[in-house]
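Peer 1: fold the following, please.
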Amino acid sequence: MSQIELATYAERASQTQGRRFFEPPSRTRTAFARDRDRIIHATAFRRLKEKTQVFVAHEGDHYRTRLTHSLEVAQIARSLAHALRLDDDLAETIALAHDLGHPPFAHAGEDELVVQMADYGGFDHNVQSFRVVTELENRYPQFEGLNLSWETVEGVIKHNGPVSHRLDEPAWSVVRPYRQGGEADWDLRLGTFASLEAQCAAIADDIAYNNHDVDDGVQAGLFTLADLAEVPLIGPMLAQVRRDWPAIDDRMLRIEAVRRMIGTMVEDVLAETARRLEDDRIVTTEDVRTARRTLVDFSRPMHADLAILRRFLFERMYRHYRVNRTRSQARRVLSQLFALFMAEPEVMPPEWGAPALTENRTRRARAVCDYIAGMTDRYAIEVHQKLFSLDLALDL
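Peer 2: Take a look at the predicted model:
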């Protein structure tokens, strides 16, 4: 971490609330840097390279994947944290972990697992990310999960705000033991806000996906730069770049406009956050957790502009017929795999099939769901072809 004097409301690795299972401190890394390394080495993190944001992996290799998105979010989160004099290692770590639970095929995959798991305890990608780091990612003989520090796990499950109001939802049942007096004996204070570092990761996610969806949408031919001329944020940036570089080509125009839009959104967050920290008299980390509102946020005018931009992207990109076709295919692939694995769990790899070999259909469904949620786009397509195409029946 850069040698800056941390603000009084910053988290400090030297004062971490520790790990659920005791481990001696690292000689070479802070607690949060150690967490970051564990996430980067996790199998679930590597799988993000072929899990997509909007486009399925085989549609092109220039579009963002969950991995490149996570790296972009981490870079923005770290920059915000540094500017606010927070622990930038912690902000980066939470950003790198925030999408670990996403299934293949972007939101289409999540939508399908929500449907399939409706009678079996539900599905939520944030909860799945939590389960990856606390349970599913097994790399150490002495405990399940990654045994990350309290502040990192808190940020993974609470980066979007308090979650105690969600604990009655079936998908959130696995988080209930982590409240005060819960069986996990590790209180994550689910009714409070997370650290400012976690809030930096959350807002960085918004900044990253709004900008790269504009970039990817133009590259995919779903809309043009001309279509963006009257859209808030990106329209003024395009006009500004054209004034500065009259002879610029469309490719460089797009790249420069998106770069400037990221900068504009970052500056807005920094200004609004500074105002809220002062207005709400935030001094300590406890002040952050018991605050009356999110502290790292966009200004009201920026929220208004983003709402219009998101509406444009929803109409012209997320619901474009080409994207709808991909969503339809993706949901069919996952629904058919889910039904087959529920009926014949013995066709799953042993590490997933063995837990599914139970008469308890809820436990079987969770094992099936965990297996599918961990798949990359490409692997899900390959498994589906092998199991449903008779031409490939000899290549199992």
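Peer 1: residue nearest the middle of the chain, spatially speaking?
Peer 2: Centroid check for the chain by Cα atoms, centre = their mean gives residue 99 as the closest residue, at 2.7 Å.
Peer 1: and that residue, how far from residue 264?
Peer 2: 24 Å (Cβ to Cβ, to the nearest Å). Any C-beta I mention is one placed from the backbone N, CA and C, and that applies to glycine too.
Peer 1: so what's the gap between the longest helix along the chain and the chain middle?
Peer 2: The single longest helix within the chain, with elements called by DSSP state H, is helix 250-279. How far helix 250-279 lies from its chain's middle: 20 Å, per Cα atoms, centre = their mean, to the nearest Å.
Peer 1: per-residue confidence averaged over the next helix or strand after that helix?
Peer 2: Using DSSP states H and E, the helix or strand that follows helix 250-279 towards the C-terminus is helix 285-289. For helix 285-289, mean pLDDT is 98.
Peer 1: ok, now stretch 248-255?
Peer 2: Per-residue scores along stretch 248-255 average to 96.
Peer 1: for residue 143, grab phi and psi.
Peer 2: The phi and psi values for residue 143, taken as degrees, to the nearest 10, are phi -160, psi 160.
Peer 1: actually residue 65, not the one I wrote
Peer 2: The phi/psi pair for residue 65 (degrees, to the nearest 10) is phi -110, psi 170.
Peer 1: got it, and residue 10?
Peer 2: Residue torsions, per degrees, to the nearest 10, at residue 10 are phi -80, psi 150.
Peer 1: quick one: the closest residue to it other than its chain neighbours from residue 31, how far?
Peer 2: Using Cβ to Cβ, 6 or more residues apart in numbering and skipping residues adjacent in sequence, the residue nearest residue 10 is residue 86, 4.4 Å away. Noted for residue 86: a distance of 15 Å to residue 31, by Cβ to Cβ.
Peer 1: pLDDT weak spots in this protein?
Peer 2: 1-3, 54-63, 391-396 (pLDDT under 70).
Peer 1: wait, doesn't the residue nearest to the centre of the chain sit right on residue 49?
Peer 2: No: using Cβ atoms under 8 Å, residue 99 is not in contact with residue 49; the gap is 11.9 Å.
Peer 1: between the two, what contacts are shared?
Peer 2: residue 66 (Cβ atoms under 8 Å, 6 or more residues apart in numbering).
Peer 1: picking that back up, ok, the residue nearest to residue 10 to residue 79 distance?
Peer 2: Using Cβ to Cβ, we find residue 86 at a distance of 11 Å from residue 79.
Peer 1: looking at the two, which one has more neighbours?
Peer 2: Ranked by neighbour count (other Cβ atoms under 10 Å), residue 86 and residue 79 place residue 86 first, with 26 against 18.
Peer 1: what's the more buried one sitting at in phi/psi?
Peer 2: Residue torsions, per degrees, to the nearest 10, at residue 86 are phi -110, psi 180.
Peer 1: list the contacts of it.
Peer 2: The contact partners of residue 86, by Cβ under 8 Å, 6+ apart, come to 6, 7, 9, 10, 11, 80, 195, 196, 197, 200.
Peer 1: switch to 7 Å and redo it
Peer 2: 6, 7, 10, 196, 197, 200 (Cβ atoms under 7 Å, 6 or more residues apart in numbering).
Peer 1: repeat for residue 306
Peer 2: With contact set as Cβ under 7 Å, 6+ apart, residue 306 has these partners: 210, 298.
Peer 1: if I look at residue 135, how far off is residue 250?
Peer 2: Distance, residue 135 to residue 250, using Cβ to Cβ: 47 Å.
Peer 1: show me which of these two is the more surrounded one.
Peer 2: Neighbours were counted for residue 135 and for residue 250 using other Cβ under 10 Å; residue 135 has more, 14 against 11.
Peer 1: what sits against the more buried one?
Peer 2: So residue 135 contacts 144, 145 (Cβ under 7 Å, 6+ apart).
Peer 1: surely it is in a helix?
Peer 2: Yes: assessed by DSSP: H, G, I helix; E, B strand; the rest coil, residue 135 belongs to a helix.
Peer 1: let's verify residue 248: helix, strand, or coil?
Peer 2: coil.
Peer 1: tell me if I'm right that it and residue 238 touch.
Peer 2: No: at 10.1 Å, residue 248 does not count as touching residue 238 under the criterion of Cβ atoms under 7 Å.
Peer 1: more crowded one of those two?
Peer 2: Taking neighbours as other Cβ under 10 Å, residue 248 and residue 238 compare with residue 238 leading, 22 against 15.
Peer 1: how many neighbours does the nearest residue to that one once chain neighbours are set aside have?
Peer 2: Residue nearest to residue 238 in three dimensions, not counting chain neighbours: residue 257, with 4.7 Å by Cβ to Cβ, 6+ apart. Here the count is done by other Cβ under 10 Å, and residue 257 has 27 residues near it.
Peer 1: excluding chain neighbours, what is closest to residue 4?
Peer 2: residue 85 (5.8 Å).
Peer 1: is the one you found in a helix, a strand, or coil?
Peer 2: The three-state assignment at residue 85 reads coil, by three-state DSSP.
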